[in-house]
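Asks: model this:
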Amino acid sequence: METIKINILTLTPLHIGNGKSLTSVGEFVCTNNAVRIIDQKKLNDLLMREKLNDEFTEYILNYSVNTHVWRFFEEHGISKELRYLREIPLHANVFDPDSNNILELAIETEGSKYVPGSTVKGAIRTLLFAHAIANDSTIRNRVENIIEQEDKLEYIRKEINKVEDDIYNDDLNNVRIEDSETVPDKDLVVEIAKRTHLFGVKTDGLDNLRECVNTDVSIETAFTLNNNARGFESVWINSADLSELFTRLNFSTLAVIEHELKLLKPSSHPAAGILTAKLKSLSQSISASKGRYAVIRLGKGKTFFFQVIVSVLKEHYRTKILDLLLHENEEKIANYPKTRVLNDINDMFGWIMIEKLKVPVAITPMFDNNIEELLKDKTILKARCTGEKTVSLILNGIQLDNVQLVNKYKLPVEAGDDIEVVVGQVTKEGKLNQVKLITE
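Replies: Predicted structure coming up:
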């Protein structure tokens, strides 16, 4: 067994629900700045003391009118005595307490939020399968034949899932993605999830609140490989290099983004323009990754056919799948692909970056450079890399850290490498602050 530490970086708010929710009819109160989860025991004590139980029950039963329970607390003079179990920042430019009356909770363990390993693994599996469909003619033909021959979406899904199992079960059964470390409350936020109508068609909307991991939060997890298992020889994951895995994931994510941009192009809605710009920027970031990281999408809003598999199918098969999907459910006919669920600044939920966690290495230099005078471009020193652009070295018994490294020809160096450098810059006080990598 071998463990590879992985870092997850949230690029947009991440919501992975636990299937539970709270309502603003007595379970939380909300302002433009925060959502506060009410301590129900304290609330019950207050209601009993003020003999308000029956009146409060009648008030909340009329929830179609009384969605903003804060009014009741203020009118009866108990708002300042309420106690709260948790307080979470609310990201919203405009907040309507009568509309946002459901708070969808994030998945947790022992009271703390986390990213389930099974969710990450499921997303990876789907993206790998999409890559296989696009790049392996045998797999593509199997999938296309299933779509061509069948007219029931349920059967198509079932048969395509069998193809996926045939390809990845052996490898993926020997790869376990661990549940992430827990996410502290300071890194959580509540976002408005609004169904935005991009083509001027009014449908039954969604306008709830979601408990999310905030943007730009790093979360540690791990891949555990059973690389001693008989027959385990995966071409897309190994401990030394994850670039092939990341390259395949990015291929499929780029296909998803390209398909999404095509769907957005006919819309004149301002949100479509904002979303298009953000997706193009994300696409550029992925294209520049060179296998160092992967960008994938997790959580609510990502579906097997819509977001991934459909994006790599030829137009004929894509159209058939979407037609079958739309005729399966009247609500889906109304909403897809005319709407998107976005937050208050028109971000999609759930985009993350995954990369191999950089394991700290010993960076204390071992060699003492005994030098009488530092001469620019002449004095040669021995140093140890501490990063792509910094070194550490010992000069006359004194350790110097974070000295700038100039690597003019972009030669490959990593933290922990021992290298020879020449003096680049010295301050007036005689302090060394830059060295240059010797290339000969």
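
Asks: got the domain ranges for this protein?
Replies: 17-106, 112-183+219-356, 368-437 (automatic domain parsing).

Asks: and the end-to-end length of the longest one?
Replies: Just to be clear, that refers to domain 112-183+219-356. Domain 112-183+219-356 has an end-to-end distance of 24 Å (criterion: Cα to Cα, to the nearest Å).

Asks: one more: the first one?
Replies: Taking Cα to Cα, the span from the opening residue of domain 17-106 to its closing residue is 4 Å.

Asks: what pLDDT, on average, does stretch 348-367 get?
Replies: The average pLDDT for stretch 348-367 rounds to 78.

Asks: just the CA coordinates for the host helix or strand of Val391, please, in CSV.
Replies: In this structure, Val391 sits in strand 390-395 according to DSSP states H and E. Output in CSV follows, covering the C-alpha atoms of strand 390-395 (Å, rounded to 0.1, in the frame of the first residue of the first chain):
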residue,chain,number,x,y,z
THR,A,390,15.1,30.2,-3.9
VAL,A,391,18.1,28.5,-2.3
SER,A,392,19.6,28.1,1.1
LEU,A,393,23.3,28.1,1.8
ILE,A,394,25.9,28.3,4.5
LEU,A,395,28.4,31.2,4.2
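
Asks: quick revisit: Leu209 is nearest to which of the domains of the chain?
Replies: domain 17-106 (4.5 Å; Cβ to Cβ). Using the backbone N, CA and C atoms, a C-beta is placed for each residue, glycine as well.

Asks: just how off-centre is the closest one within its chain?
Replies: 30 Å (Cα atoms, centre = their mean, to the nearest Å).

Asks: and among the domains of the chain, the most buried is which?
Replies: Ranked by mean neighbour count under mean count of other Cβ atoms under 10 Å, the domains of the chain are led by domain 112-183+219-356, which reaches a mean of 17.

Asks: sorry, back to before: what mean pLDDT does the helix or strand that the strand holding Val391 is followed by get?
Replies: The helix or strand immediately downstream of strand 390-395 is strand 398-406, counting by DSSP H and E. What strand 398-406 shows for mean pLDDT is 88.

Asks: all helices of this structure, in order?
Replies: For the chain, the helices defined by DSSP state H cover 40-49, 53-61, 70-75, 117-135, 137-149, 153-172, 243-264, 270-287, 310-312, 315-328, 330-335.

Asks: what residues are up against the most centrally placed residue in the chain?
Replies: Residue closest to the average C-alpha location in the chain (Cα atoms, centre = their mean): Ile352, at 2.3 Å. Contacts for Ile352 (Cβ atoms under 8 Å, 6 or more residues apart in numbering) come out as Ile8, Leu9, Thr10, Leu11, Leu14, Val295, Ile296, Arg297, Leu298.

Asks: apply 7 Å and report the result again.
Replies: Listed by Cβ atoms under 7 Å, 6 or more residues apart in numbering, the contact partners of Ile352 are Ile8, Leu9, Thr10, Leu11, Leu14, Ile296, Leu298.

Asks: with Leu172 instead?
Replies: Leu172 touches Arg125, counting by Cβ under 7 Å, 6+ apart.

Asks: gap between it and Gly122?
Replies: Distance, Leu172 to Gly122, by Cβ to Cβ, to the nearest Å: 10 Å.

Asks: for Asn370, same thing?
Replies: From Asn370 to Gly122 the distance is 58 Å (Cβ to Cβ).

Asks: shaky segments in the stretch 301-440 of the chain?
Replies: 301-306, 328-337, 359-365, 440 (pLDDT under 70).

Asks: can you map out the strands along it?
Replies: 339-342, 351-356, 368-369, 380-385, 390-395, 398-406, 418-426, 432-437 (DSSP state E, counting those that start in this stretch).

Asks: the fifth one packs against which elements?
Replies: On a contact count with 3 or more Cβ pairs under 7 Å, 6 or more residues apart in numbering; DSSP states H and E, strand 390-395 meets strand 368-369, strand 380-385, strand 398-406.

Asks: need the contact partners of the last one.
Replies: The contact list for strand 398-406, computed with Cβ under 7 Å, 6+ apart, reads 365, 389-393, 424, 432-437.

Asks: likewise for the shortest one?
Replies: Outside of strand 368-369, the residues within contact range by Cβ under 7 Å, 6+ apart are Leu381, Lys382, Leu393, Ile394, Leu395, Gly397.

Asks: in this structure the second one contacts Glu420, no?
Replies: Right, the one you point to is Lys382. Yes - counting by Cβ atoms under 7 Å, Lys382 does reach Glu420; the two are 6.0 Å apart.

Asks: related to what we said a few turns ago, in CSV: the helices of the chain, plus distance to Asn346.
Replies: Formatted as CSV, these follow (distance: least, Cβ to Cβ, whole Å):
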stretch, distance to Asn346
helix 40-49, 35
helix 53-61, 33
helix 70-75, 28
helix 117-135, 23
helix 137-149, 33
helix 153-172, 30
helix 243-264, 11
helix 270-287, 4
helix 310-312, 21
helix 315-328, 24
helix 330-335, 17
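
Asks: to Thr221, which of these lies closest?
Replies: helix 117-135 (6.6 Å).

Asks: show me what the closest one is packed up against.
Replies: helix 137-149, helix 153-172, strand 175-177, helix 243-264, strand 293-297, helix 310-312.

Asks: again, 6 Å this time
Replies: For helix 117-135, the packing partners by 3 or more Cβ pairs under 6 Å, 6 or more residues apart in numbering; DSSP states H and E come out as helix 137-149, helix 153-172, strand 175-177, helix 243-264, helix 310-312.

Asks: that helix vs helix 153-172, what angle?
Replies: 100 degrees (axes from the mean of the first three to the mean of the last three Cα atoms, to 10 degrees).

Asks: make 268 the first number, not 1, from now on.
Replies: With the count now opening at 268, the last piece we talked about shows up as helix 384-402.

Asks: average pLDDT for helix 384-402?
Replies: 91.

Asks: who's in contact with that helix?
Replies: Contacts with helix 384-402, where a contact means Cβ atoms under 6 Å, 6 or more residues apart in numbering, come from 283, 406-407, 410, 431, 434-435, 444-446, 515-516, 518-519, 563, 565, 571, 575-576, 579.

Asks: I figured Cys479 hits Ile283, correct?
Replies: No - if you go by Cβ atoms under 6 Å, Cys479 and Ile283 don't touch, sitting 9.0 Å apart.

Asks: neighbour count for these two, which is higher?
Replies: Cys479 (29 against 22; other Cβ atoms under 10 Å).

Asks: got the confidence number for the nearest residue to that one once chain neighbours are set aside?
Replies: Nearest non-adjacent residue to Cys479, counting by Cβ to Cβ, 6 or more residues apart in numbering: Pro280, 3.9 Å away. You'll see Pro280 listed with a pLDDT of 95.

Asks: cool, and Lys453?
Replies: 92.

Asks: and the gap between it and Ile355?
Replies: For Lys453, the distance to Ile355 - Cβ to Cβ - is 10 Å.

Asks: kindly report the same for His464.
Replies: 28 Å.
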